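what follows is a predicted protein model with its sequence.
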Amino acid sequence: MRHSKHLIITAVFMGLLTMGCKEKSKSLPEKAEAVGLKTDNTISNIEITPIEHATAVLDWDGTIIYVDPVGGKDAFSAEKEPDLILITDIHGDHFSLETLQALNTQKAKIIVPQAVADKIPTEFTPQLDILNNGESKERYGINIEAIPMYNLREEAKGFHVKGRGNGYLLSKNNERIYFSGDTEDIPEMRALQNIDKAFVCMNLPYTMTVESAADAVLEFKPKQVYPYHYRGKPDVGDVSKFKALVNDKNPNIEVVQLDWYPTEDY
């Protein structure tokens, strides 16, 4: 299953190239193609593998990045060992100490907010880079910036308090990739600029509605948006509705749907 889920992105631009939206269902091959950038004779090769829910693996020009690795060692049996690990928050669908301890992370730098660092034993201390909202660090030629992630609705503010967790903005060769983490359509998201690929959450009651996610995306206008983290309680975010809301107002934003729930029908 993992091999069929790989998204291979080979970015070669001699100007601006726009591709039409491609959607994937369970009955189609679990693979989609998108476009990156070429700048100053630099070709950016990115392979994106959704693992489940908020968890993904990126291979960016040979640098292996794990985002919110959970699910135990077996979830990553088909993946290369990580160079970078990004953890957004303390919740179990984003941070799993058991998974970290089961994986071979000896060569990896682990990027975390302070709240996550407080839950990681000292054996990992030499590997940790602690970033607060607004701070950044360069690793493997990739600039990693911690973007705020938090709730706005009164009834949800206790889920994700401002300053505790991080979204992440990764930048390399003038290409910018954003992972929202658990957030609502906050001003810091809406103010993002020049985003090539945005991974945006949408699940209730913990993050935001499909409508809020679409409205934010329409404001910061990423070239491509990947809806992820859309399983909620009890309902699952309607990714087809999200795509329609975005593309009805801006058909130039490519909505890329990957299989974030390989064992489920949605």
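On my side now, so go ahead. Predicted model only: the values in this text are computed from it and were never measured.

only C-alpha atoms for contact and neighbour calcs from this point on.
Fine.

name the residues that touch stretch 145-153?
Contact with stretch 145-153 is made by 131-137, 157-163, 165-170, 180-186, 188-189, 207, as judged by Cα atoms under 8 Å, 6 or more residues apart in numbering.

can we see that at 7 Å?
For stretch 145-153, contacts defined as Cα atoms under 7 Å, 6 or more residues apart in numbering pick out 131-137, 157, 160-163, 165-170, 180-184, 188, 207.

hey, what's the spatially most central residue of the chain bridged with?
Centre of the chain computed as the mean C-alpha position; nearest residue by Cα atoms, centre = their mean is residue 179, 3.5 Å away. Counting by DSSP bridges, residue 179 is bridged to residue 168, residue 199.

so it sits against residue 196, correct?
No. Using Cα atoms under 7 Å, residue 179 makes no contact with residue 196, being 11.4 Å away.

what residue ranges in the stretch 101-250 of the chain are flagged as low confidence?
The model of the stretch 101-250 of the chain has pLDDT under 70 over residues 156.

that one: helices as residue ranges?
Under the criterion DSSP state H, counting those that start in this stretch, the stretch 101-250 of the chain contains helices at 114-117, 187-190, 210-220, 239-249.

what helices or strands is the last one leaning on?
Applying 3 or more Cα pairs under 7 Å, 6 or more residues apart in numbering; DSSP states H and E, we find helix 239-249 packed against helix 210-220.

the helix it packs on vs helix 239-249, what angle?
If you take axes from the mean of the first three to the mean of the last three Cα atoms, to 10 degrees, helix 210-220 sits at 40 degrees to helix 239-249.

can you list contacts of helix 210-220?
The contact list for helix 210-220, computed with Cα under 7 Å, 6+ apart, reads 185, 190, 191, 192, 193, 202, 237, 238, 242, 245, 246.

can we see that at 6 Å?
The contact list for helix 210-220 (Cα atoms under 6 Å, 6 or more residues apart in numbering) reads 185, 190, 192, 202, 242, 246.

any idea how far residue 208 is from the first one?
Distance, residue 185 to residue 208, by Cα to Cα, to the nearest Å: 7 Å.
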